[in-house]
Each structure stands twice: as structure tokens, then as C-alpha cells.
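Sequence isn't available, so here's the structure alone:
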């Protein structure tokens, strides 16, 4: 009998004993019954042991290091709260970016938590299971640290208080909600490619760097702290995503076309969700970090370029839609903010025209497009507003059946022409914003016809309050929908210029700086 | 001398989020646990059905026969949100690490009594696989359960079980060697003493009702196994050869004390909700408890003489039954 | 050759780590921001435990990098002694 371990185990071997070696092939129940979801996507895995665990972290190390990160993070959140840190932001327009974050992004962290718990149970390979479960716990960390960091803003500003209710109902929030619902309802392999790889690796920097850097630039220590703290977990997630995609592609050449189709779909769906980030960066940050165009050039074109260059050895091609996304970089944020400006009465955050100084920055960053296509819009709105006719669009926008963004995107080669695509399926016509979304629909129409489109739902009468009576002569359907959204009219919505947020911020700031 | 610290005081517009205020009955300050847990899971307007389970919605209360008017009645008495959970575990980890270091550096593993060492390796090492099954089951409860109040602690328990599987692996390496881990795995797969328990675990891996799974795993198996392994057998080994194994399994023993507080609170709330729930729980407990007892008997005899094994199992069964009775489930 | 990069929170704990990286990677370029420090290197970047230990005067576990890590690119290879980022490993 061996009494001593004769030589010290390598990190890799030790980790193997701590994870993969714990698993066994069941014999009292069929493997197919223990792991029922692994065949139907057509992905072929021959040897799960080929998966290389990215960070070899055992649970003891996980608890130790994560607890340390939590202690530091909550110390900052407490200090920020005690010191009325929210008064240190550049100005309260910035806080609207945080409203978009809590209502739009935080619920996705929770979906990621549940989605990774699901695939963390369903993959037959022990190595990927452990990595996925660690990601699941990390994601509830993100959801909760965000809720906690933003809790203090909720106490002082409007538009945070109904985040759960609104994420599930409000027209622009179905964009992120449907994105993640799509991923979690897809099969386990597709989920990993969609979220683990496409979202957490290819696109993640385009979501987090703008928000976190935006926080840092605008004096928001609270959000910046959780942002940086979360990012260290993201490194593990990114690595899992990259390892998973390599693993799947290396297992069988038949997997390549399936994976490529998923990359095409999820690049496009993810890119469409980032519309909200583009407008946030260019229009909602009083102190801007970089333009959407610049962020796209660094994080997509350069970093993404290096990545796809590296993956070319597997036969992977740059996702379809890449070229269009590159063309759109000069237009995306402006078209998006214009839409939200229009629908400012129905948004649970404030909107505003950019100032002259803002427009000077936009001109410099977008020399080919801003002055020609977008400055005239803003100047027109500003004149109208100055004359007491601040424009609020009283109709409802048409949403794309797939990405659910209002159909405000223009043709890739003609920014004066709105892009419309459609497909007929089983007697109905469905509408899309782009070739990318149409092709996603055409590949799986039975999935996308299920979409809970907020605007369709309104027109079908499903978004009225319980005591609504449309037969009354003074019935105002839009007002009733806003009540159904729990959106407090005149408080959560409309222009920043007239908002309680602005008045309070200025009054409190003056209280904190004068006697 | 009194020091009076002042900061600028601003009157907030509200104390918490609307959905939290609704639950608290008023807009008042809410704990971090409450803000991070209540209503965090979506419940409406899902966009698509799961392609992997089209019979259900994305989150679906019908994935169990248990019916709750409000799944958030199952709050965790430990109030674990992620930060509180990891910090609690980090403290336990520091103690466990110190214990392992102590045993190793003082030569206590080397000098441990041979007979006790053999017993410890034969009994504890295969339990790392039981813990792995528990990790899988906790993940399933989190994935398919309903409401953050219950799904959140199920995942924490799953990660705890992985951690305990890893501590058992280290016990095997410290008291034995990599060869002992291999032997333990072989025993798990083929030795007669382990087959009923392995069958139990594999049968839980295919349960579709996630609350039945909670009963089979967290209530019954954890309840009986932890009492057997980390109280009865540990006490016996301590009598024989001193507390070396106690030090190496301290994490598990302390974890179990805390775990039962949570489990009992959940059982109590679910049983109290309705006679239908109580009857379902009772049926599941009766079924799985009989199977667990049968599964633990042969492996208990690896560490205890037959008579002593029976007596030990009687004691742990009595403890579990007392807990259940206190929770309103006398079966 | 495309760059790999690693970014850390900028604080007293990461200062010696960055110094160690610079010492072991002559082609590395350090970009300092108020809250973050980003290090780019062409094709490959190695972080050595022993170099960090020399800087800080105590034992160091490479997994401690997790505490202040923000983001990175490239394939990872981790042992007890080295943490390596590279393209085309």
C-alpha cells in the first residue's frame, strides 16, 4: 500500500483528480437518460476529456479569492453610499445610462446564471460542467452586485425602481430580454457558442468597456467598482468560451457548419443588442470615453480580427454581417438616439438633444456622417424645444420580429433609406430590420413566431391595466400602457431638461458644496 | 469626549425597489439579501419555449408537483446572497486549510494508525463520488427550480458539494496516495458495499421533479449520510486513533449543521402550505428514506461492526425523523 | 503579429505584478489609465511566479492574479510557475 505520494502532482494532474476524476459513467441508468439533451443539435463529441480546463480553480481557491473581491467591492459600495458619491458624477444625465443598465443588462446576468446552471448539469463532460457551474455562480454575483451598487441610485433618482417589471414588458427592453431567452431556450451547445463565445468573448468588451469606462470617466465610483470587479470573473468566462469553441471544432469536422451558422446568428443578434450601448456611449455620457466607432474599431475590428485570424485554422470564417456592422459604425448611435428621443415619453429614462459642445465632439468623431445626416435633426429638435414644442412621437414603432429593435436601421449603403425585409410563413408576413435578422428567422421560423413583441402586444390589447375601459370617450391608450409599465409619467420619462432628477441633483449638489 | 461625525444628509426619494416595497408592505430599507433575491427571476412574457423541453416554459412552476402560492416564501434563513455566501465559505476554507496544513506538517498523516487509516480510506474516499452526484443534483435544482429564493441556495449547495468532494480527494492523497483514489473509484464502480448507494445516486440523476430531487438529495441522503460519515464514523475513528480525520473533515461537519437549518426551513414552509404538499413530501420521504437506509448499510459496515453500524444508522435516522417532525412532516 | 494583452486594476497590489511582467517581457508596452493598467505584447506574454515573488518578498500563488484582473486576450496556459497568453500556441 502506498503510504506517501511519491512526487508532487502537477497543477494539471491535481486539478484532474479534483474534477474529472470525480465523475463516472453511470450503469444503473442509461447515459442518455442522465444527459438527455446532447444529441438533438447534431453536434458530435467523441472524447469529453479533450476539453482543457481554462483556469484550474478548485472551490477552496474560488471561495478565498472571490470573498476577497467581495469584501473590497462592498467596502467601496458602502463608502460611496456614505459619502453621497452619486453627487460626484459629472452630471445627472449620466445616471440615465445606469437606468438602462439595471433595466436592460442586470436581468441578463440572472439569465446567464440559470442558463449556465442548466448546461452545467447537461454536458456529459465533467470538465466543462465544472467550468459552467463556476460561471453560473459568477453570474449571480454579477446580478446581485449590480443590484446592490445601483440600489443607492434608486433611492435618489427615478427610473430604477421598477426594473424587474419593466424588463419583462417595456418595448426597448424586449431587445435584451429576447436575446437571452433565445440563448437559454436553444440547445446546450448553441447556448455555449452564443453566450460563452459570441457574447462573452467576441462582443463582451463592447458592452463592458463603455459602461465601466463611462462610469470611471463620469465620476461614478460605485458602478466602476463593480464593473472592474466583475471583469476579473469575465476573464474566466472568456477563456471558457474560447476553449469550448476550440474543443467543439476539434472533436469532429461535421461540427464546423453548425458552429459557423451559430456564429453568424449570434454575432448578429449580439450586435443588434449593442445598439443600446452605441447610443449610450455617444449620447448619454456627459464625459465621453470614446465613440462607438472607435470602440468598434478597437474591440471588434482589431481584437475580433486577431481572434478570427487565429480561428481560421479550424475553418471558421468571420461572421456574416461583420461587413455591415463595420459600415454601420458611422450611423448606429445616431439613429438609435434619434429613436429614443422620439419615444422619450415612453422610455423609463430621460432623453435630451445634444448640446453644441456635444455636437462638436460628434462632428470630430464622425467626420463623414454627423454633420451631413444627423446634426440637422438635432438642431431642428432643439429649435422646436426652445419654442415649447419638444417633439414626442405619439405613435408606436414597428419592431423587428427577431431582434425586436424598432425598425429604424438604414440600408448599409444608403443612410437615407430605412431597411425593410420580410418573410411569409404559414399565412402571415413577418418583418425584419436587416438581412441578418431575416436569415435568422428563415432558419427557425417556428421559434421566432413565438416572440412576445411589446408593440404587437399593445395593439392586441394585452398591455392595459386591469381597470382600463377602452370604451370610455376619454380613454388614452398610450397613457394606460405607461401605467401598465409602472412608468410614472412626468417623473420617469420625458426630457432631462424638465426632470426631477436634474432639479434634485442640482439642489443636492449645491447643498453639499455651499452653506 | 463625544465625537459627532456628520455627513451631508439628503432625503432619498425612496428606500428600495418597488417590487421589494410591495413585499415588505411599505417602502422601507431592505437588506442586501432581500434586494438581491426577491422577484429577481422573471415569471412572465418569455419569448420562446425551450427547444430542450417544449412541454414547459423557460421557468415553469409546473416542473414540480409541489404547489406554492408564492415560491418566495422559501427564503433562506442564512440570508445567503453571493457576497455573504462566499465570505462565509472563505472563513471555513481558511480553517480547513489550516487543519490540512497542520496534519501534514506535524507528520500526523504519516504517523496515523494503520488500521484507522485503512478504514478512513475505504470509507471516505468513495464519498467523493457521492458528493459529485450531489453537485450535479444541486445544479439541476437551480436550473429547473422556480424562484430565486430556492434556486439560489441550491446552487450554493451544489458548489459546496464540489468543494467537499475536493476536500475528500485531498484526504485521500494525504492519508494515502493517487493509487488510493483509483482504488476508491474502483470500489465505487464495482465493490458490492457501494453498489446500492451508487444506484441511489444514479436514480436521483434522472428525477424530473426538482423538488422530489431536493427531498431525495438534500433532505434524505445528505441527512443520513452526513450524520453517518461526519458524526458516527468520525467519532469511532477518533476513539480509535485520535482526531486526525476529524480535522480533515471538519468542513463537512460544520457545513452540515448550517445546511440543515436551511433544509428544515424549506421543508417546513412547503409542508405548511397545503395538505397536498405535505402528502407529496411524505410520500417522497418515505420512499427515499427506505432506499437510503438500504444503500448506507453495506458501506457503513466498512467503518463499523455490523451491530454498531445498525445502531449508528438508527441514531442518524432518528435525528432526521426528529428534524422532519419539527418541520411539520411526521412520517 | 497581433497583440495579446492583459489588464489589471491599478492599485498597490498590481504595481509589482506589472513590474514583474515588464521585466520578463521586453517587448511589452504598458498603458496606464487612472483605474486600470493594460499591458500589450506581440504574440506572447508570460507572467512568472518567481519574478513576482522577488518583487513582493513573499510567496505568491499565480491564482491570486484573479483578484485584480480585468480582462485579457489570447489562449491561456497556466502552470504553478507561469501564466502564459499567446496566439497560435
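That came through, no problem. Predicted model, so just to flag it, every value in this text is computed and none were measured.

Going by C-alpha atoms from here, please, whenever you check contacts or count neighbours.
Will do.

so which residue of the stretch 201-331 of chain B comes closest to chain A?
At 5.5 Å from chain A, residue B:206 is the closest residue in the stretch 201-331 of chain B, using CA to the nearest CA.

Quick check: that residue touching residue A:33?
Yes. In this structure, residue B:206 is within contact of residue A:33 by CA atoms under 8 Å, at 6.3 Å.

pLDDT wise, what is residue A:499 at?
Model confidence at residue A:499, given as pLDDT, is 97.

so what's it up against?
A:350, A:490-491 (CA atoms under 8 Å, 6 or more residues apart in numbering or on different chains).

Can you pull the poorly scored residue ranges out of the chain?
The chain I'm using is chain A. A:1-7 (pLDDT under 70).

right idea, wrong chain: chain C
Scanning chain C for pLDDT under 70 picks out the ranges C:34, C:89.

Please report phi then psi for residue B:207.
phi -70, psi 130 (degrees, to the nearest 10).

how near is the residue of the stretch 201-331 of chain B closest to chain A to residue B:136?
Using CA to CA, to the nearest Å, residue B:206 is found at 11 Å from residue B:136.

The two - which one has more neighbours?
residue B:136 (25 against 18; other CA atoms under 10 Å in any protein chain shown).

Secondary structure element holding the more buried one?
helix B:127-144 (DSSP states H and E).

Can you get me a residue count around the closest residue in space to the residue of the stretch 201-331 of chain B closest to chain A that isn't next to it in sequence?
Sequence neighbours aside, residue A:34 is the residue nearest to residue B:206 in space, at 5.5 Å (criterion: CA to CA, 6 or more residues apart in numbering or on different chains). When neighbours are defined as other CA under 10 Å, residue A:34 has 20 of them.

so residue A:34 makes contact with residue B:207?
No. With contact defined as CA under 8 Å, residue A:34 does not reach residue B:207; the gap is 9.1 Å.

Which secondary structure elements does the lengthiest helix in chain C sit against?
Ranked by residue count, the top helix of chain C under DSSP state H comes out as helix C:14-24. Secondary-structure packing of helix C:14-24 (3 or more CA pairs under 8 Å, 6 or more residues apart in numbering or on different chains; DSSP states H and E): strand C:44-48, helix C:49-56.

So for residue B:240, which of the ones you listed sits nearest?
helix C:49-56 (43.1 Å; CA to CA).

Now do the buried residues in that closest one.
The neighbour-count check on helix C:49-56 (16 or more other CA atoms under 10 Å in any protein chain shown) flags C:49-53 as buried.

Need the residues you listed in CSV (columns: distance to residue A:252).
What follows is the buried residues of helix C:49-56, written out as CSV (distance: CA to CA, whole Å):
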residue, distance to residue A:252
C:49, 37
C:50, 40
C:51, 41
C:52, 41
C:53, 43
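
what's the residue of the stretch 201-331 of chain B closest to chain A in contact with, if anything?
A:29, A:33-34 are the contacts of residue B:206 under CA under 8 Å, 6+ apart.

Could you do residue B:57 as well?
B:46, B:48-50.

Quickly note the distance from residue A:245 to chain C.
12 Å (CA to the nearest CA, to the nearest Å).

Helix, strand or coil: sort out that residue for me.
What DSSP: H, G, I helix; E, B strand; the rest coil gives for residue A:245 is helix.

tally of neighbours for the residue in chain C positioned nearest to chain B?
Distances between chain C and chain B by CA to the nearest CA are smallest at residue C:67, namely 13.9 Å. Neighbours of residue C:67 under the rule other CA under 10 Å: 22.

close enough to count as contact, it and residue A:68?
Yes. The pair residue C:67 / residue A:68 is scored as a contact, 7.3 Å apart, by CA under 8 Å.

so where do the helices sit in the stretch 151-300 of chain B?
Taking DSSP state H, counting those that start in this stretch as the criterion, the stretch 151-300 of chain B contains helices spanning B:178-190, B:195-204, B:210-214, B:222-227, B:234-241, B:244-248, B:250-273, B:275-300.

Is chain A within reach of the longest one?
No. Residues of helix B:275-300 contacting chain A under CA under 8 Å from any CA of the partner chain: none, with a closest distance of 13.8 Å.

so after that helix, what's the next helix or strand?
Following helix B:275-300 in sequence, per DSSP H and E, is helix B:306-326.

got the angle for that following helix vs helix B:234-241?
150 degrees (axes from the mean of the first three to the mean of the last three CA atoms, to 10 degrees).

Could you pull out the buried residues of helix B:306-326?
For helix B:306-326, by 16+ other CA under 10 Å, it's B:308-310, B:312-313, B:315-317, B:320-321, B:323-324.

Now render these as a markdown table, adding pLDDT and distance to chain C.
Formatted as a markdown table, the buried residues of helix B:306-326 follow (pLDDT from 0 to 100; distance: CA to the nearest CA, whole Å):
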| residue | pLDDT | distance to chain C |
| --- | --- | --- |
| B:308 | 97 | 45 |
| B:309 | 98 | 43 |
| B:310 | 97 | 46 |
| B:312 | 98 | 42 |
| B:313 | 98 | 42 |
| B:315 | 98 | 43 |
| B:316 | 98 | 40 |
| B:317 | 98 | 42 |
| B:320 | 98 | 40 |
| B:321 | 98 | 44 |
| B:323 | 98 | 41 |
| B:324 | 98 | 42 |
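
Turn those residues into TSV, columns for distance to residue A:513.
Output for these, formatted as TSV (distance: CA to CA, whole Å):
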residue	distance to residue A:513
B:308	75
B:309	74
B:310	75
B:312	70
B:313	70
B:315	68
B:316	65
B:317	67
B:320	62
B:321	64
B:323	59
B:324	60
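
Any chance of those residues in a markdown table with distance to chain A as columns?
Converted to a markdown table, these look like this (distance: CA to the nearest CA, whole Å):
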| residue | distance to chain A |
| --- | --- |
| B:308 | 27 |
| B:309 | 26 |
| B:310 | 26 |
| B:312 | 27 |
| B:313 | 25 |
| B:315 | 29 |
| B:316 | 26 |
| B:317 | 26 |
| B:320 | 27 |
| B:321 | 29 |
| B:323 | 29 |
| B:324 | 29 |
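
Taking those residues, tell me the two that lie furthest apart.
Across the buried residues of helix B:306-326, no pair lies farther apart than B:308 and B:324, at 24.3 Å, counting by CA to CA.

do stretch A:343-357 and chain B meet?
No. For a cut-off given as CA under 8 Å from any CA, stretch A:343-357 has no contacts with chain B; the smallest distance is 14.2 Å.

Which residue is it, in the stretch 101-250 of chain A, that comes closest to chain B?
Closest point on the stretch 101-250 of chain A to chain B, by CA to the nearest CA, is residue A:185, at 3.9 Å.

Now do the contacts for that residue.
B:48-52, B:58.

tell me the SS of residue A:248?
helix.

can you pull the contacts of it?
A:43-45, A:255.

Now these in CSV, please, with extra columns for secondary structure and distance to chain B.
Shown next, in CSV, are the contacts of residue A:248 (DSSP: H, G, I helix; E, B strand; the rest coil; distance: CA to the nearest CA, whole Å):
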residue, secondary structure, distance to chain B
A:43, coil, 14
A:44, coil, 17
A:45, coil, 18
A:255, helix, 19
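
and the two most separated of these?
Among the contacts of residue A:248, A:45 and A:255 lie farthest apart (CA to CA), at 9.0 Å.

and the worst-scoring helix or strand of chain B on mean pLDDT, what does it pack onto?
Least confident element among the helices and strands of chain B, by mean pLDDT, DSSP states H and E: helix B:108-111 (a mean of 95). Helices and strands touching helix B:108-111, by 3+ CA pairs under 8 Å, 6+ apart, are helix B:148-175.
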